[in-house]
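**Student:** output the structure for:
(one chain, ligands or ions: 3)
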Amino acid sequence: MITIEEYKKRRQALSQQLPSNAVALIPAASEPLRNGDAHYRFRQDSDFYYLTGFNEPDALLVICSGGAGESVLFNRPRNEAEEQWTGPRLGQEDANAVLGVDFAFPLSRLDEMLPQLLAGKSLVYYPLGRSSQWEARFRETWFRVKNNARRGLASLEGFYDSSCLLGEMRLFKSDAELALMREAARVTTAGHRRAMRACSALTHEYQLEAELVYEFTRQGCRDVAYDSIVASGPAACVLHYTENNQLLRPNALILVDAGAEYQNYAADVTRTYPKNGTFSHEQRQIYELVYLAQQAAIAAVQPGCRFEQIQAIVVRTLTEGLVDLGILTGEVDGLIEQGAYRSMYMHQSSHWLGLDVHDCGNYRVNGESRRLAPNMVLTVEPGLYFHHDLQTVASRWRGIGVRIEDDIRVTESGHENLTASLPAAASDIEVLVRGE
Ligand code: GLY
Ligand code: MN
Ligand code: MN
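**Tutor:** Ligands and ions are numbered 1, 2, ... in the order given. Got it, this is the predicted structure:
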């Protein structure tokens, strides 16, 4: 659990990083319609949640520079009739006690009060490009304030992206955040284990998806961190396949990329396994090569390692293996330079993980690949994909798609694999699928 004190400290930290005379405007998410008058399940904006822990839609957090982190929340007022239908709302009266914000006002007062909050400020930070509605509102207010400035009241100079500051903060996970991520990882691995055990008896990809979601939900994760990918046979070569509606053929290799979300924190795990519990010769050769690349890349994760080094290790290991298998011919360094692997491995090996599955935070700093540091969390997820019409490889490889993905925390001296309890070695996978 993340305490009210931790949320307060985050708001203070943001306040301290704002240049003097700046204000940050961080909107909550809204509830978009799905169809008719039905809404998508609500998911809070990650930046807003990071700063408040507040899980209601239609709100705005205002933080001023100056270090104290004085915060003003605009949120929905209590409303007995609406609460009868959709449940209790925090309202304004309890906002200080529950969230620790300094002031709370009904959202209906925003148009009147925002010009006062912006008056005298030079810089406005908000998540540029995230919500056109909020953006229009902020710019419209800016014009109103600017008009007053002519009368000597204020001088607004510019808009800046709050995501840059928050991205840096969110990149380093606190102990409380890591506890939530460990729980997301634990439930995720339980879901994968259940799916692996069930798969030999199932007929369709969506049935496998149901096993994952059943276990996630049963263990308290009410949502997935992203749409589950359950891709059998050649569909595994479509990186973000989510149709999940094909027959599971008896000899199919199944790529399952799925992660539970726990209190808005994501896990992101991929395993690839044979439906019948035994890899074919070709499937196993490709699987073992991807596994080798993943193990080598995970082993390199430690403070000081540059982010791009992880991908470099994956590329080298895969290229060497593809040469050994006769799939590529030539000298390894030259093949890497030409990018000969790209038709079979076309994505990055890693991304940050946290409140968002592709979490925020820069991958490059001062023009150089970022060095890893303690309490960053990243995925390591090499893959090989032989598209069914990839004419440059022998037909026996075509249609095979393999990815293996784990969630790795950088520690003081190395790394911790948050999802290590889920088997990944080929023989262990076979044992699990066969139910031995
Ligand atoms: N599940 C999306 C990804 O692995 O990046
Ligand atoms: Mn991933
Ligand atoms: Mn994934």
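**Student:** please count neighbours and contacts with C-alpha atoms only from this point.
**Tutor:** Noted.
**Student:** burial measure for the closest residue to Gly191 other than its chain neighbours, as a count.
**Tutor:** Excluding the flanking residues, the one nearest Gly191 by CA to CA, 6 or more residues apart in numbering is Leu212, at 4.6 Å. Using other CA atoms under 10 Å, Leu212 has 29 neighbouring residues.
**Student:** start and end of stretch 244-257, how far apart?
**Tutor:** Chord length of stretch 244-257, first to last residue, is 11 Å (CA to CA, to the nearest Å).
**Student:** pull out the buried residues from stretch 412-422.
**Tutor:** 414-419, 422 (16 or more other CA atoms under 10 Å).
**Student:** could you tell me the end-to-end distance of that stretch?
**Tutor:** Terminal-residue distance, stretch 412-422 (CA to CA): 24 Å.
**Student:** with just CA atoms, put stretch 378-391 into CSV.
**Tutor:** Provided in CSV are the C-alpha atoms of stretch 378-391 (Å, rounded to 0.1, in the frame of the first residue of the first chain):
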residue,chain,number,x,y,z
LEU,A,378,12.5,-3.2,-17.1
THR,A,379,11.4,-6.1,-19.2
VAL,A,380,13.8,-8.4,-21.1
GLU,A,381,12.0,-9.9,-24.0
PRO,A,382,13.9,-11.2,-27.0
GLY,A,383,12.0,-13.1,-29.7
LEU,A,384,12.4,-14.7,-33.1
TYR,A,385,9.5,-14.6,-35.7
PHE,A,386,9.6,-16.5,-39.0
HIS,A,387,6.7,-15.1,-40.9
HIS,A,388,4.9,-17.6,-43.1
ASP,A,389,6.0,-15.8,-46.2
LEU,A,390,9.6,-15.1,-45.1
GLN,A,391,11.2,-16.4,-48.3
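**Student:** which of the buried residues of stretch 412-422 sits closest to ligand 3?
**Tutor:** Nearest to ligand 3 among the buried residues of stretch 412-422: Thr419, at 12.4 Å, using CA to the ion.
**Student:** specify the local secondary structure of the closest one.
**Tutor:** Put simply, Thr419 is coil when judged by DSSP: H, G, I helix; E, B strand; the rest coil.
**Student:** thought it was touching Ala185?
**Tutor:** Yes: under the criterion of CA atoms under 8 Å, Thr419 makes contact with Ala185 at 5.7 Å.
**Student:** ok, back up a step: out of the buried residues of stretch 412-422, which are close to ligand 3?
**Tutor:** Among the buried residues of stretch 412-422, no residue lies close to ligand 3 (CA under 5 Å from the ion).
**Student:** distance to Asn245 and pLDDT for the residues you listed - can I get that in JSON lines?
**Tutor:** JSON lines is the format used below for the buried residues of stretch 412-422 (distance: CA to CA, whole Å; pLDDT from 0 to 100):
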{"residue": "Gly414", "distance to Asn245": "41", "pLDDT": "98"}
{"residue": "His415", "distance to Asn245": "37", "pLDDT": "98"}
{"residue": "Glu416", "distance to Asn245": "35", "pLDDT": "98"}
{"residue": "Asn417", "distance to Asn245": "32", "pLDDT": "98"}
{"residue": "Leu418", "distance to Asn245": "30", "pLDDT": "98"}
{"residue": "Thr419", "distance to Asn245": "27", "pLDDT": "98"}
{"residue": "Leu422", "distance to Asn245": "25", "pLDDT": "98"}
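**Student:** what residues does this structure put near ligand 3?
**Tutor:** With the criterion set to CA under 5 Å from the ion, the chain comes near ligand 3 through 257, 268.
**Student:** show me where the chain has its helices.
**Tutor:** 4-17, 46-52, 80-86, 95-99, 110-118, 132-149, 162-171, 175-198, 205-218, 281-299, 307-324, 332-338, 426-434 (DSSP state H).
**Student:** figure out which of these is closest to Gly401.
**Tutor:** Between Gly401 and the helices of the chain, the tightest spacing by CA to CA is seen for helix 281-299, at 8.5 Å.
**Student:** got the contact list for the closest one?
**Tutor:** Residues from elsewhere that reach helix 281-299, judged by CA atoms under 8 Å, 6 or more residues apart in numbering: 253, 310-311, 313-315, 317-318, 321, 380-384, 396-397, 400, 402-405, 408, 424-426.
**Student:** any idea which helix or strand in the chain has the lowest mean pLDDT?
**Tutor:** Using mean pLDDT, DSSP states H and E, helix 132-149 stands out as the lowest-scoring helix or strand of the chain, at a mean of 86.
**Student:** thanks a lot, catch you later.
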